[in-house]
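# 3D model of this:
(chains A and B)
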Protein chains: 2
Amino acid sequence: MTDEIREAVPKIEELLKERQFHELRSMMTAFEPADAAMIFDLIDEEYIPILFRILPKESAADCFVEMDSETQKTLITAFSDKELSAVISDLFVDDTVDIIEEMPANVVKRILLHADPQKRKEINEILNYPKDSTGTIMTTEFVDLKASMTAEDVFRHIRKTGLTKETVYTCYVTDSGRHLIGVVTVKDILTAKDENATVGDLMDEQVISVNTLDDKEETARAMSRYDLMAIPVVDNENRLVGIVTYDDAMDIIESGDTEDIEIMAAITPTDRPYLKTSIFDTWKKRIPWLLLLMVSATFTSRILQHFEDSLTSSAAMAALIAFIPMLMDTGGNAGGQVSVTVIRGLSLDEIKMGDIFRILWKELRVAVLCGITLAVVNFGKMMLIDRVSMPAAFVVSITLVAVVIIAKLVGATLPILAKRIGFDPAVMASPFITTIVDALSLLVYFNVAKLIIRG
Amino acid sequence: MTDEIREAVPKIEELLKERQFHELRSMMTAFEPADAAMIFDLIDEEYIPILFRILPKESAADCFVEMDSETQKTLITAFSDKELSAVISDLFVDDTVDIIEEMPANVVKRILLHADPQKRKEINEILNYPKDSTGTIMTTEFVDLKASMTAEDVFRHIRKTGLTKETVYTCYVTDSGRHLIGVVTVKDILTAKDENATVGDLMDEQVISVNTLDDKEETARAMSRYDLMAIPVVDNENRLVGIVTYDDAMDIIESGDTEDIEIMAAITPTDRPYLKTSIFDTWKKRIPWLLLLMVSATFTSRILQHFEDSLTSSAAMAALIAFIPMLMDTGGNAGGQVSVTVIRGLSLDEIKMGDIFRILWKELRVAVLCGITLAVVNFGKMMLIDRVSMPAAFVVSITLVAVVIIAKLVGATLPILAKRIGFDPAVMASPFITTIVDALSLLVYFNVAKLIIRG
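Here you go, the predicted structure:
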């Protein structure tokens, strides 16, 4: 789907060079806003402001919202004050906040300066909610109805105010104190049997709502769980202050998953697209984890140093060195399989803290099955292909069973414990599990070796 | 959010034991369908049919759809023919297909037998689309309009047919040959300035549509990209055959991400929730990968065997054994960081095959930065804490730089190559990268060691 857009880029750059603005305009108009935005992200930076001025006014803001924050920054810097005011006045409040969150302080100041007072007030309110809370993603533009309204009142109300609302189909009913008392959909009103029914008659008083302080990812997952097009956001006094719409929920689910995946791979998550992140920023996201994991490997070094003399003392023991990487990798893989399953289960709310003993009991049995299968195959392989002595094959195979059991139990426990003490369970994915399982595996390996080969 | 539901389970089981059906009914009615379904998934299997019969008829189907496939199977087996027909007739076609896809053949046969002929035909049509295609997830129930209709015609049409449609807000306009010619939303109609405007006047002829054969995850991502509430699905002749709605798109994005995460952790993906999968099934999902990775570690064993003599020949060489795990883990982690970033970029369509040289150039520079940082810290640590000889610290630190560079380049290349030859790039995540990087790291390590320590 995005291939055509990429292919259009050289053509557009050429037209820009030749100043064929008329043709450019008709070309750009044919794109969906998200696709047009992609063009801006891909063309040479110097053309961005010119191309933006070519866009028809009515689609400029839609396109602007979809751009990468780097492209937005380039544009905002190039905008005249008048252009900036025009774009901001066409943006929804929640989109403006999303943009602001990615901008440096001087750009934020300029945006706030050029927003009208009402919007500025709303932006500041949203900016004051804690990081990752539902308050930061909600829109304050929604249709609120009173219980006494009739179908005709509702449609008149939507017609009057609906054009600027992000969603008009789910309407919320509030009392005189702005407390949320019900929900009614345009479909309910359109398909009402009694044409004179009021909003109060049609509304559902069982409203699923979230609090401004709830985690935004939990809000998005709740919307997916209950198949909601929009969810109302209330403050601590149950007053309706905003809504979150399905399109924002989808984005949050996608970027929440990206974040989980990045943390699992030991990268500090970032919102910026990979190809737009500078070398130095990429380094900053990765190096702390690499350093931490490298230093934690000191334990394994210590264990190996401790056994160094016995390893070099006999040929039988020295032969065991060759299988250290295989044992360590298998432990890491076996542990990673469980930890990732548990992390995902926790993040989708399928697994709870209280399930830990069920999970450990299950993993213990899976580990015994996996361990024995691997040990049998490995024993055969070592005897027939590697042609080592039978005691050596025994030592490695027995260690394999132990390593898989240890890895599965560690991999199941650590993410749940991390959540318990308030950390992100995703941190406890393969890299950390591997480091811990490595050390334990080596201890088991050499102790088993001493018992069997020397015993 | 789901904690209250879990806590309600013992209370409900007790009420079932005491046959307090009246209280149960009012308790169950208070739950959202998705939450009620969770109760069914959690209670003792023997109570499932009794509890289902207590539900009010109008909410029974909504609740049924949301249950785990295991619970659904239990119910279908317990249903009388009449009960089965009643539930099926209340289900949407796409939901019925979702359920059928998880059932064994005999249950499928029974469901098809009790569906009415029209629904059976639609189910069979959807079942015939290729696995993971958009055809398998679309619903055939949508609002289709003609260009000549007025606002009043539209609302009458929606009122007449809309109640059973999953979404009524986005309406598709077709010509006499059922070809898709436009899209119009209820909002467009409600807010039209000219009350006599026809659908043809209001509709947008630039419709984003997908083909029945397109990949379902790509369809879902396109909906998220373009912020669509529904997307029309056409056949090869551009005839409208179905729609996909935002709630299904959210589910597909969530489960697509789960699948990616599972493959990255070397697990065969499954739709079944972790806690409901049997020990044997869990073993089957994990053991092929563990075996494959274990056997591939033969390369590292061979390399170590090859260098065994030189390793045990001098104390200086033997001291190097202790740092093998650290080098291997760092390589695995550094490679995993890139491969996961690239895999996610490919799956979100942010990275293309053609970007490979840009990515390699970028990763090379990041790798040099990361490698040098790690080497410097490691050199200091080995001299001051481990107190090894300076040549040994040199060997390990130089190898570190090489390992990080190799790992980053391998980690960036393999997912893109995998996609190129038609494999799922997610396979090329940490476990595979680690196995390859391990072997290369050891080769570098011992060759550097020979040069410096013996040279």
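
# Every contact and neighbour count from this point should use C-alpha atoms.
OK.

# how many other residues sit next to the nearest residue to residue A:420 once chain neighbours are set aside?
In space, residue A:420 comes closest to residue A:353 once its chain neighbours are excluded; the distance is 7.3 Å by C-alpha to C-alpha, 6 or more residues apart in numbering or on different chains. Using other C-alpha atoms under 10 Å in any protein chain shown, residue A:353 is surrounded by 12 other residues.

# go on, the one 10 residues further on?
Using other C-alpha under 10 Å as the criterion, residue A:363 is surrounded by 22 other residues.

# For residue B:339, see how far away it is.
Per C-alpha to C-alpha, to the nearest Å, residue A:363 is found 28 Å from residue B:339.

# do the same with residue A:239
46 Å.

# and if you look at residue A:203?
50 Å.

# And those two? Which one has more around it.
The residue with more neighbours, out of residue A:203 and residue B:339, is residue B:339; 31 against 20, by other C-alpha under 10 Å.

# mind listing what the residue nearest to the spatial centre of chain A touches?
Relative to the mean C-alpha position of chain A, the nearest C-alpha, by C-alpha atoms, centre = their mean, is the one of residue A:256, at 1.6 Å. Counting by C-alpha atoms under 8 Å, 6 or more residues apart in numbering or on different chains, residue A:256 touches residue A:217.

# Would you mind giving both backbone torsions of it?
Here the main-chain torsion angles of residue A:256 (degrees, to the nearest 10) amount to phi -60, psi -40.

# likewise residue A:111?
When quoted as degrees, to the nearest 10, the phi and psi of residue A:111 stand at phi -60, psi -50.

# what does the model give it for pLDDT?
pLDDT for residue A:111: 85.

# same deal with residue A:10?
Residue A:10 carries a pLDDT value of 90.

# and it, that's in a helix?
Yes. The assignment for residue A:10 by DSSP: H, G, I helix; E, B strand; the rest coil puts it in a helix.

# Might you report the residue contacts of it?
Residues near residue A:10 by C-alpha under 8 Å, 6+ apart: residue A:43.

# Span of stretch A:51-65 from start to end?
So stretch A:51-65: terminal residues 15 Å apart, C-alpha to C-alpha.

# I misspoke; the intended subject was stretch A:177-196.
Using C-alpha to C-alpha, the end-to-end distance of stretch A:177-196 comes out at 26 Å.

# Is any residue of that stretch near chain B?
Yes. Applying C-alpha under 8 Å from any C-alpha of the partner chain, one finds stretch A:177-196 in contact with chain B at A:187, A:190, A:191.

# filter those residues to the buried ones?
A:187, A:190, A:191 (16 or more other C-alpha atoms under 10 Å in any protein chain shown).

# distance of residue A:110 from chain B?
Applying C-alpha to the nearest C-alpha, to the nearest Å, one obtains 28 Å for the distance of residue A:110 from chain B.

# Now residue A:176: phi and psi?
Torsion angles, degrees, to the nearest 10, at residue A:176: phi -70, psi -20.

# where are the low-confidence patches of chain A?
Residues of chain A meeting the criterion pLDDT under 70: A:1, A:162-166, A:454-455.

# hang on, the earlier thing: possible to save the buried ones among the residues of stretch A:177-196 next to chain B as a markdown table with distance to residue A:118?
Listed next are these as a markdown table, based on distance: C-alpha to C-alpha, whole Å:
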| residue | distance to residue A:118 |
| --- | --- |
| A:187 | 32 |
| A:190 | 33 |
| A:191 | 36 |
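
# and of the residues you listed, the nearest to chain B?
Of all those, residue A:191 has the smallest distance to chain B: 4.9 Å, by C-alpha to the nearest C-alpha.

# Hmm, residue B:154 and that closest one touching each other?
No. Residue A:191 is beyond contact range of residue B:154, at 11.9 Å (criterion: C-alpha atoms under 8 Å).

# and stretch A:445-455, anywhere near chain B?
No. Using C-alpha under 8 Å from any C-alpha, stretch A:445-455 never reaches chain B; the gap is at least 13.3 Å.

# List of residues touching that stretch?
By C-alpha under 8 Å, 6+ apart, the residues outside stretch A:445-455 that reach it are A:307, A:316, A:317, A:391, A:392, A:395, A:396, A:398, A:399.

# Check which residues of the helix or strand harbouring residue A:287 are buried.
Using DSSP states H and E, the element containing residue A:287 is helix A:279-296. Neighbour counts over helix A:279-296 (16+ other C-alpha under 10 Å) mark A:279, A:282-291, A:293-296 as buried.

# what angle separates the biggest helix by length in chain A from helix B:279-296?
Criterion DSSP state H: the longest helix present in chain A is helix A:390-420. Here the directions of helix A:390-420 and helix B:279-296 differ by 120 degrees (axes from the mean of the first three to the mean of the last three C-alpha atoms, to 10 degrees).

# Which residues belonging to helix A:390-420 are considered buried?
By 16+ other C-alpha under 10 Å, the buried positions in helix A:390-420 come out as A:392-417, A:419.

# does residue A:210 have beta-bridge partners, and which?
Beta-bridge pairing of residue A:210 under DSSP bridges involves residue A:233.

# State the distance from it to residue B:235.
Separation of residue A:210 from residue B:235 (C-alpha to C-alpha) stands at 40 Å.

# quick one: which of these two has more around it?
The residue with more neighbours, out of residue A:210 and residue B:235, is residue A:210; 24 against 15, by other C-alpha under 10 Å.

# close enough to count as contact, the more buried one and residue A:218?
No. The criterion here is C-alpha under 8 Å, and residue A:210 misses it with residue A:218 at 9.4 Å.

# Break chain A into its domains for me.
The record's domain parsing of chain A by automatic domain parsing lists A:3-133, A:144-263, A:297-454.

# Please identify which of those domains is closest to residue B:197.
Residue B:197 lies closest, by C-alpha to C-alpha, to one member of the domains of chain A: domain A:144-263, at 15.1 Å.

# so how far does that closest one reach from one end to the other?
40 Å.

# Then stretch A:146-157?
End-to-end distance for stretch A:146-157: 11 Å, by C-alpha to C-alpha.

# Flag every residue of the stretch 351-455 of chain A that's near chain B.
Counting by C-alpha under 8 Å from any C-alpha, the stretch 351-455 of chain A sits next to chain B at A:351, A:359, A:362, A:365-366, A:369-370, A:373-374, A:431, A:434-435, A:438.

# re earlier: could you tell me which of the residues of stretch A:177-196 next to chain B are located in helices?
Counting by DSSP H, the part of the residues of stretch A:177-196 next to chain B found in helices is A:187, A:190.

# secondary structure element for the residue of the stretch 351-455 of chain A found nearest chain B?
Chain B sits closest to residue A:366 of the stretch 351-455 of chain A, with a gap of 5.7 Å, by C-alpha to the nearest C-alpha. Here residue A:366 is covered by helix A:356-381, with elements defined by DSSP H and E.

# May I ask which helix or strand encompasses residue A:260?
Here residue A:260 is assigned to helix A:246-264, by DSSP H and E.

# right, I mislabeled it, should have said residue A:109
Assessed by DSSP H and E, residue A:109 sits inside helix A:105-114.

# Give me the contacts around that helix.
When contacts are defined by C-alpha under 8 Å, 6+ apart, helix A:105-114 is touched by residues A:73, A:76, A:77, A:81, A:84, A:85, A:88, A:100, A:120.
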